[in-house]
Structure formats: C-alpha cells, structure tokens
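In: prediction below, plus the sequence it came from.
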Amino acid sequence: MADYNPYKNMLDVLDRAAGVLGYKEEDYEFVRYPERELTVSIPVRMDDGKVKVFSGYRVQHSTARGAAKGGIRFHPQSDENEVKALAAWMTIKNAIGNIPYGGAKGGIRVDPHKLSQRELERLTRGYVRKIYPIIGPDKDVPAPDVNTNGQIMAWIADEFAALSGSWQPGVVTGKPLCTGGSLGRNEATGRGLMFTLETWCEKNHKEMKDLTMIVQGFGNVGSVGSLLMHQKGVKITTIGDINGTWHKEEGLDIEAMYEYANSHGRSLKGYTEEGAEMIPDSELFAQKADVIFVAAMENQLNEKTMKKVQAPLILEGANGPTTEEADAYFEEKGIEVLPDFMSNVGGVVGSYFEWVQNRTGYYWTEEEYNERLQKKMRQAYEDVYALKEKYHVTYRLAAYMLALQRVVEAQNARGFLG
C-alpha cells in the first residue's frame with residue numbers, strides 16, 4: 001500500500017475509458033497532465049512567538065470547460081500526488097455535473113486540530129497570499145474540503161479582498177450566509193448522495209425504506225447524507241468514524257448521533273446509545289447490509305479491506321475511496337459501485353449555485369436551491385447510466401467516458417496552440 005499513487009489510479013481508468021470510446025492517445029493526451037501545479041511555503045508566527053513553515057499546494061488540472069474549481073483540505077498527509085489526483089477528479093466531476101468549471105484542488109500539510117484559531121487564521125491568510133496570482137472568480141474558485149469550513153472560506157474571501165482591493169464573494173464557495181453563502185450549500189453533498197441512491201432505487205425497482213446501510217465517516221458528508229437517507233427510511237445499522245465503530249442491529253438513532261456530532265466538533269467521541277455496541281473498526285465493512293456508504297477519506301476500500309465487503313452496493317461519498325484493485329474485485333463479484341464523481345457531485349453543483357448567486361447578486365430560497373440540485377443530480381445519473389447501458393461497462397467507467405467526451409469536445413472547440 002505504501003506505493004499507492006492516486007494520480008496513476010486516475011490515469012489507468014482514464015486510459016480505459018478512452019479505449020472504450022475509441023480515442024487515440026493524441027485525442028486526449030492533454031487531459032493526462034495538470035495545466036498548473038503550485039507548491040508554496042507558508043511561514044506562520046505561532047502563538048508562542050516561534051515561526052513555523054507549512055507546505056501548501058494548489059493544482060489546476062483543467063480549465064477547458066471554465067474556471068478551475070475545487071476544495072482546499074488541511075491534513076497532515078496532504079501532498080502533491082494526492083492534490084494532483086483530487087484536481088483531476090474535480091475535472092471529471094464538474095464535467096459529469098455539466099457545470100462550466102474545470103478541475104482544481106488545494107491542500108496544506110497540517111493537522112489543524114493542533115493549531116489555535118488565531119494560528120489557523122494566519123495560516124489560511126498566508127496561503128491565500130501565496131496562491132493569490134492564480135485564483136479569482138473567473139480563474140480558480142476554492143471551496144471547503146477535509147478539515148476546512150465556512151469560517152476558513154470567509155477568511156479566504158476577506159484576504160482576497162484585501163489583496164485585490166474589492167469584495168468579490170465569488171472567489172470562494174462554501175461561505176457562511178452572512179458573507180455571501182447560499183441556503184442549502186452545507187447540506188448539498190449529502191443531499192446529492194441521497195438523490196443518487198433514490199435514483200438507483202428507481203432504476204432497480206427498490207424502495208429506500210427497505211434498505212439497510214453501513215456508514216464510514218461522520219463528518220459533513222457522512223452525517224448529512226446519513227440523516228437525509230435515514231429520513232427516507234433507510235435503516236443504518238453501523239457507523240464508523242475515527243473514534244470507533246457503533247453497531248446496532250435494529251438501527252442506530254441517526255438523529256441523536258447527528259445532533260451529538262454537530263455539538264461535539266463533528267465528532268462522535270464519547271457517544272453512547274442504549275442497545276448499541278462498539279465493534280472493532282476492522283469489522284466495519286464486514287457487516288451485512290444492502291449498501292455501504294463510504295464518506296471518510298480516499299483509499300479505504302483496497303486490497304486489504306475489499307474481501308470483507310458483503311453489501312451488493314457501494315455508495316461513494318468520499319473522494320477516491322476505492323482503489324483500482326478493489327474496483328476490479330467488486331466488478332468481478334457483481335458488487336455495484338456508484339462512483340464519487342457521480343454520487344457526490346452535489347457539493348460542487350451546490351458551490352456552482354452559490355457562485356451564480358454571488359455573480360448575479362440575487363439569492364434563492366432553500367427550496368429553489370434543493371429543487372435545482374435534485375434536477376442536476378438526476379441528470380448526471382441519467383447521463384452516466386445511458387453510457388453504462390450502451391457500452392455495458394461499470395458506472396465508474398461510464399462516468400469517466402462521459403467526462404472525457406465533454407472535456408475533449410470543449411478543448412477541441414477552443415483549439416490548441418502550435
């Protein structure tokens with residue numbers, strides 16, 4: 001597992017998709033390379049007076065279909081390969097959602113939980129100063145990702161305003177409502193996943209209320225998605241986060257878990273429930289259920305964990321949670337995977353909606369927002385499903401094929417230098 005390279009994983013599937021479409025290498029070669037990779041060093045004066053230097057990254061994979069778009073994560077394992085792969089997946093995701101963006105991603109190698117609020121703000125503003133030349137409402141629009149939130153986005157918008165001399169809320173999405181955020185944005189990724197599962201049920205003549213589910217990850221995506229799917233009748237028997245794995249055969253109290261996590265820093269640490277037992281984390285995927293909802297980090301379903309899976313369906317809420325080896329194993333075993341860049345596209349679609357409202361100065365009701373989100377999610381599913389059925393391939397390969405078609409078409413229309 002030490003040599004796992006997520007960017008190579010992306011390229012392997014991209015090449016397979018191109019092969020099915022009958023593309024020659026010259027037709028899509030430009031998609032295999034990021035347009036721009038920026039690595040920065042961010043010196044920060046810590047509260048104790050010492051100066052510490054952090055490594056930061058911003059990768060713009062493609063702008064063929066519009067401004068680059070993608071989140072910023074603060075994580076101690078963040079590195080160039082991870083950010084590069086995530087940027088490429090954003091190109092694919094934005095094309096599947098059929099929104100006018102290319103793909104980008106950013107990261108800082110840091111454990112934000114070890115920083116004070118003031119140190120976190122200094123780090124964020126320092127990062128913005130370093131990447132300022134390549135971001136902007138028409139260039140590259142960041143958003144929250146792992147360990148980042150609305151407050152951090154507000155600092156980014158404010159620092160950009162200080163540097164540019166004008167308030168431009170469309171430079172970043174996922175902001176608090178008071179700084180130009182959108183009603184519905186916080187729940188958009190989780191709600192989009194619920195719409196995806198709902199559409200899958202319709203295609204397979206099943207009812208949400210008849211499904212049982214296992215959940216990995218209970219951050220924003222995992223908790224919101226779990227709550228909304230639970231409200232549709234899905235019985236969630238097992239939930240695992242970094243603090244442990246809770247199991248209850250008759251179904252966990254998702255409302256209580258959601259409220260607890262949201263009042264304890266998005267953590268389930270210390271949560272107890274009558275009738276629920278703690279099981280080993282290693283047994284999470286081995287539990288029997290109809291659906292596994294993976295909403296933690298990338299590379300969770302791999303050659304070490306894939307054979308434990310008993311569920312016939314995997315719903316990907318995290319980015320890149322399934323390795324190429326696991327994907328091949330699931331295909332062989334007839335386990336369907338609803339891939340991340342189709343299933344969790346609600347987050348970036350929701351960000352696009354916020355950006356549109358920022359640019360027009362006209363803000364929608366939450367009902368309008370959710371209605372538009374549902375239409376976009378269903379259309380993305382239908383577009384991928386059509387290729388899946390036409391070429392008799394997996395959802396993942398069909399999704400790559402759809403995205404590749406749209407990116408190549410856009411770049412060809414714009415032309416190439418030389």
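Out: Thanks, I have it.
In: count of residues packed around the nearest residue to E354 once chain neighbours are set aside?
Out: Among residues not flanking E354 along the chain, S182 sits closest, at 3.9 Å (C-beta to C-beta, 6 or more residues apart in numbering). Where you see a C-beta, it was placed from the backbone N, CA and C, and this is true even at glycine. For S182, the count of nearby residues is 23 (other C-beta atoms under 10 Å).
In: contact partners for S182?
Out: T173, G350, F353, E354, Q357, Y363, W364, Y369 (C-beta atoms under 8 Å, 6 or more residues apart in numbering).
In: which residues does K288 contact?
Out: Counting by C-beta under 8 Å, 6+ apart, K288 touches T212, Q310, A311.
In: tell me the pLDDT of it.
Out: Looking at K288, its pLDDT is 96.
In: try the one 4 residues further on
Out: At I292 the predicted local distance difference test score is 98.
In: same question, K8
Out: Here the pLDDT value assigned to K8 is 88.
In: what ranges do the strands span in the stretch 201-350 of the chain?
Out: Here the stretch 201-350 of the chain has its strands, by DSSP state E, counting those that start in this stretch, at 212-216, 235-241, 244-247, 277-279, 291-294, 313-316, 336-338.
In: nearest to W200, of these?
Out: Among the strands of the stretch 201-350 of the chain, strand 336-338 comes nearest to W200, with 6.3 Å by C-beta to C-beta.
In: ok so, going back, tell me the pLDDT at the residue nearest to E354?
Out: Note for S182: predicted pLDDT of 97.
In: surely it is in a strand?
Out: No: judged by DSSP: H, G, I helix; E, B strand; the rest coil, S182 forms no part of a strand; its state is coil.
In: give me the phi and psi for it.
Out: phi -120, psi 140 (degrees, to the nearest 10).
In: can you list the strands of the stretch 201-350 of the chain in a markdown table and add mean neighbour count and distance to H75?
Out: As requested, the strands of the stretch 201-350 of the chain are exported to a markdown table (neighbours: other C-beta atoms under 10 Å; distance: least, C-beta to C-beta, whole Å):
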| stretch | mean neighbour count | distance to H75 |
| --- | --- | --- |
| strand 212-216 | 26 | 17 |
| strand 235-241 | 24 | 15 |
| strand 244-247 | 20 | 20 |
| strand 277-279 | 13 | 26 |
| strand 291-294 | 26 | 17 |
| strand 313-316 | 24 | 19 |
| strand 336-338 | 21 | 24 |
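In: any low-confidence regions in the chain?
Out: The model of the chain has pLDDT under 70 over residues 1-4, 417-418.
In: what about the helices in this structure?
Out: 6-21, 25-28, 80-96, 117-131, 150-164, 188-203, 220-231, 254-262, 324-333, 340-343, 346-360, 366-391, 395-414 (DSSP state H).
In: show me the one of the ones you listed that comes nearest D111.
Out: Nearest to D111, of all the helices of the chain, is helix 117-131, at 10.9 Å by C-beta to C-beta.
In: list the buried ones in the closest one?
Out: By neighbour count on 16 or more other C-beta atoms under 10 Å, the buried set for helix 117-131 is E119, L120, E121, R122, L123, T124, R125, G126, Y127, V128, K130, I131.
In: closest one to G103 out of the residues you listed, please.
Out: Among the buried residues of helix 117-131, and counting by C-beta to C-beta, the member closest to G103 is I131, at 15.8 Å.
In: my read is that that closest one contacts A104, right?
Out: No: using C-beta atoms under 8 Å, I131 makes no contact with A104, being 10.2 Å away.
In: give me the common contacts of those two.
Out: Common contact partners of I131 and A104 (C-beta under 8 Å, 6+ apart): R58.
In: can you say which of the contacts of S182 are buried?
Out: Buried by 16+ other C-beta under 10 Å: T173, G350, F353, E354, Q357, W364, Y369, out of the contacts of S182.
In: give me every residue that touches the first one.
Out: Which is T173. Counting by C-beta under 8 Å, 6+ apart, T173 touches 141-143, 153, 181-182, 185, 350-352, 354-355, 358.
In: next, format the residues you listed as a markdown table and append distance to S267.
Out: Formatted as a markdown table, the contacts of T173 follow (distance: C-beta to C-beta, whole Å):
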| residue | distance to S267 |
| --- | --- |
| V141 | 29 |
| P142 | 25 |
| A143 | 22 |
| M153 | 21 |
| G181 | 23 |
| S182 | 26 |
| R185 | 22 |
| G350 | 24 |
| S351 | 25 |
| Y352 | 30 |
| E354 | 26 |
| W355 | 30 |
| N358 | 31 |
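In: I am finished for the moment; much appreciated.
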